[in-house]
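Colleague: Have a look; sequence and predicted model below, questions after that.
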Amino acid sequence: SQQGEEDPQALSIQEGENATMNCSYKTSINNLQWYRQNSGRGLVHLILIRSNEREKHSGRLRVTLDTSKKSSSLLITASRAADTASYFCATVDSSYKLIFGSGTRLLVRP
Amino acid sequence: DTAVSQTPKYLVTQMGNDKSIKCEQNLGHDTMYWYKQDSKKFLKIMFSYNNKELIINETVPNRFSPKSPDKAHLNLHINSLELGDSAVYFCASSRTEAMNTEAFFGQGTRLTVV
């Protein structure tokens, strides 16, 4: 079953703009991870945020986690055409399963 | 060096056939997984092995049988293939079963059953 729902399902922005994707989940988690998938490729890990953390940065990426609302957001600043991909959140609960959300398709127009 | 490699990348086969997908990781990880991604891009976990032991077995038809000869390899054998098995299958690995670090994914095997 899907743990997370992502919003929006698709996002189209101009190069240089910021992109924000949201993820909601249902059960208590140990950590939440974000992955990127380029078309026809495997998933690449972007960032992991633990349940006791509220915000994490990695380069142009900023992830927030609100465990009271069971939600997370991924912000990509100053987007580039190369950021065009699908982005997935994934949660790890007490059963240690990595369960993926439905994904957001991001298109960055040059 | 490829961290998680799967073969083949593409597999086209007829209904009723039996096929295998192989996966190898050179990261020294203890845990390996198989995921299925359907046409709507939903990713579902199928199996997980930790040090050659099965630890996660989702509700997958028993036509699917994973085999882990050692902790660096996790192969997926599928019997009596059906049209609905068409999907992209991803192998992944992580350092431990606790999933408190990132998972590394292979490039996927696109299976088409005709």
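Modeller: Here it is on my side, so go on. Model, not experiment: these values are computed from the prediction.

Colleague: Which residues are in contact with residue B:76?
Modeller: By C-beta atoms under 8 Å, 6 or more residues apart in numbering or on different chains, the residues touching residue B:76 are B:20, B:21, B:23, B:34, B:46, B:47, B:64, B:65, B:66, B:67, B:89, B:91. Any C-beta I mention is one placed from the backbone N, CA and C, and that applies to glycine too.

Colleague: Report the contact partners of the second one.
Modeller: Right, the one you point to is residue B:21. B:6, B:7, B:8, B:11, B:75, B:76, B:78, B:89, B:91, B:109, B:111.

Colleague: Also residue B:56?
Modeller: Counting by C-beta under 8 Å, 6+ apart, residue B:56 touches A:95, A:96, A:97, B:33, B:45, B:47, B:48.

Colleague: In three-state terms, label it for me.
Modeller: Local secondary structure at residue B:56 is given as strand here, using DSSP: H, G, I helix; E, B strand; the rest coil.

Colleague: Pairing partners for it in the sheet, please.
Modeller: For residue B:56, the residues forming beta bridges with it (DSSP bridges) are residue B:48.

Colleague: do the helix or strand hosting residue B:104 and chain A meet at all?
Modeller: Secondary-structure element containing residue B:104, defined by DSSP states H and E: strand B:103-105. Yes. Shown here: strand B:103-105 in contact with chain A (C-beta under 8 Å from any C-beta of the partner chain) through B:103, B:104, B:105.

Colleague: Which pLDDT does the model give the first one?
Modeller: Pointing back at residue B:103 there. Note for residue B:103: predicted pLDDT of 94.

Colleague: Kindly reformat the contacts of residue B:21 as TSV containing distance to residue B:98, secondary structure and pLDDT.
Modeller: Formatted as TSV, those follow (distance: C-beta to C-beta, whole Å; DSSP: H, G, I helix; E, B strand; the rest coil; pLDDT from 0 to 100):
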residue	distance to residue B:98	secondary structure	pLDDT
B:6	24	strand	97
B:7	29	strand	97
B:8	31	coil	97
B:11	32	strand	98
B:75	24	strand	97
B:76	23	strand	97
B:78	29	strand	97
B:89	24	strand	98
B:91	19	strand	97
B:109	27	strand	98
B:111	30	strand	98
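
Colleague: for chain A, which spans come out with low pLDDT?
Modeller: Low-confidence segments of chain A, defined by pLDDT under 70, span residues A:1-3.

Colleague: count of neighbours near residue 4?
Modeller: By default, I'm working from chain A. By the measure other C-beta atoms under 10 Å in any protein chain shown, the count of residues near residue A:4 is 24.

Colleague: You answered for a different chain; I wanted chain B.
Modeller: Around residue B:4 there are 23 other residues, counting by other C-beta under 10 Å.

Colleague: show me the contacts for it.
Modeller: By C-beta under 8 Å, 6+ apart, the contact set of residue B:4 is A:42, B:23, B:24, B:25, B:27, B:91, B:92, B:93, B:104, B:105, B:106.

Colleague: What about the contacts of residue B:76, which are in strands?
Modeller: Here DSSP state E is the test, and these give B:20, B:21, B:23, B:34, B:46, B:47, B:64, B:65, B:66, B:67, B:89, B:91 as lying in strands.
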